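Undergrad: model this:
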Amino acid sequence: MTTIASPVPGRPWRLWRSPYLWLATVHLLGDSVVVLTSGVLALVAVCVALLGWPLAYIGIPLTRAAAKVVYALAKWERARARITRGQEVLPLVPPEPSGRRIADARRAITDPGLWRQFLYYVLLLPAATFWLLLIVVAWSVPPVLITLPFFFSKFAARQAQFGPFVVDTGHEAMAAALVGVLLLFFVSPVLMRTASMLDGHLARIYLGGDETGALTERVSRLVTSRQQVVDSAEAERRRMERDLHDGAQQRLVSLAMTLGRAKNRLGDTDPGVRALIEDAHSEALQAIAEIRDLTRGLHPPILTDRGLDAAISAVAARSPVPVRVSVDVEPRPSLTIESIAYFVVTEALTNVAKHAAAARAEVTITRIGDVLRVEVTDDGRGGAQPDGGTGLQGLADRVAGVDGRLSLTSPAGGPTVLTAEVPCT
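TA: Numbering: from 1, shown residues only. Down below sits the predicted model:
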């Protein structure tokens, strides 16, 4: 975004402590040099482009070169404003080249940004002239007034005239010196600050890009990058699920089978060793069950292969509470959105089984346009709270990560309705 036109402090007693007061003065002095260098160069470039436009083989490259020159000069001017005034001006973006020489030349010569930047140098000519006169008056008149008493102490018969004002006595010289001090410490810095602000507004209007468009583009980039992060996290979960399923789980299954064969071969010859093998076999089976539950919680293969209907039905079949499932999601959303919907349902059904004391539950998943709606209802005792340690806050954060919304209705005595709406785009 574009900063304020001048960071020079507004309070007079703080002006002299700010380095931007002198940097602003240097910038305003530099405007005259810019007009005589960059301004003349921009004028020559545009005139050459206009004069050479009718000549096909010469005018086309001249036009494109002139546009590049003007944009380069404007870039340097924005850098000068950033260095001397602390002002960030959004750059204007030239038209994207299409690869067709005539079309690119036509777009360059009709580019509004090109003419806006050229107009900046045209308007800078009278502005720089005025800034130069203002600087001369602001920083030369006060010192002259301050030194008047020394002038009269040495040349008593002389007099000094400032326009309609004539100073010919020592008392008048002392009064003029006092006025000079006030001008030097209060009026001149304020004049420089005001001139710097006006010069900054001129640069922002004619050299700056559209802030609304830039913010819109930034929001779009942030949304895209966030979606990439979410997709990357889901892909990492699926990779972990595959590694656990194909690696550690298979090794534990092999270990359990080996322990089972060892137990059968040992028979009853050594009851102590047989008991140890039976304990190890039981622990291996329990570890296999825990890994299966873990991989099922990370990202079940059935969700990838067959979609939400089959995955939710499998969850409902394992639930100790009878669950009725209704899924209508055509067309099928992305794997990221399916994963979020799946985890909302599994967490909700886990809470129903642990806390709700419900006799039945119902899961309804529908897609309406670009919104996937997940609703989990139970006839339990109600009174559920998002901050009650049931994982609902984590679900809300996960749904919000894709611009979704999670709502909970759970009056005392039930029923409890958990609703998640997730965009599918």
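
Undergrad: The longest helix that the chain contains packs against which elements?
TA: Criterion DSSP state H: the longest helix present in the chain is helix 112-146. Helices and strands touching helix 112-146, by 3 or more C-beta pairs under 8 Å, 6 or more residues apart in numbering; DSSP states H and E, are helix 19-34, helix 40-52, helix 56-85, helix 170-182, helix 188-207. For the C-beta atoms, the positions are set from N, CA and C on the backbone; glycine is no exception.

Undergrad: closest to residue 136 out of the ones you listed?
TA: helix 19-34 (10.0 Å; C-beta to C-beta).

Undergrad: could you give the mean pLDDT of stretch 79-87?
TA: The average pLDDT for stretch 79-87 rounds to 85.

Undergrad: got the CA positions of it in CSV?
TA: Extracted C-alpha coordinates of stretch 79-87, given in CSV (Å, rounded to 0.1, in the frame of the first residue of the first chain):
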residue,chain,number,x,y,z
ALA,A,79,12.8,4.7,-5.7
ARG,A,80,13.9,8.3,-5.1
ALA,A,81,10.6,8.9,-3.2
ARG,A,82,11.2,5.8,-1.1
ILE,A,83,14.8,6.8,-0.2
THR,A,84,14.3,10.5,0.6
ARG,A,85,10.7,10.6,1.8
GLY,A,86,10.0,7.0,3.0
GLN,A,87,7.1,6.8,0.6
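
Undergrad: so what's the closest residue to residue 358 other than its chain neighbours up against?
TA: Leaving aside its sequence neighbours, residue 358 sits nearest to residue 380 (C-beta to C-beta, 6 or more residues apart in numbering; 3.4 Å). By C-beta atoms under 8 Å, 6 or more residues apart in numbering, the contact set of residue 380 is 352, 355, 356, 357, 358, 359, 414, 415, 416.

Undergrad: try it again with 7 Å
TA: With contacts taken as C-beta atoms under 7 Å, 6 or more residues apart in numbering, residue 380 has the following neighbours: 352, 356, 357, 358, 414, 416.

Undergrad: residue boundaries of the strands in the stretch 301-425 of the chain?
TA: In the stretch 301-425 of the chain, the strands defined using DSSP state E, counting those that start in this stretch lie at 323-328, 361-368, 371-378, 405-409, 416-423.

Undergrad: among those, which is nearest residue 128?
TA: Minimum separation from residue 128 across these (C-beta to C-beta) falls at strand 416-423, 52.5 Å.

Undergrad: could you give the mean pLDDT of the closest one?
TA: Here the average pLDDT along strand 416-423 is 89.

Undergrad: What strands line up against it, and which way round?
TA: Using DSSP bridges, the strands paired with strand 416-423 are strand 371-378 (antiparallel), strand 405-409 (antiparallel).

Undergrad: Please identify the deepest-packed of these.
TA: Mean neighbours per residue, mean count of other C-beta atoms under 10 Å, is largest over the strands paired with strand 416-423 for strand 371-378, with a mean of 22.

Undergrad: Against residue 365, how distant is the residue nearest to residue 358?
TA: Look at residue 380 and residue 365: by C-beta to C-beta, to the nearest Å, they are 20 Å apart.
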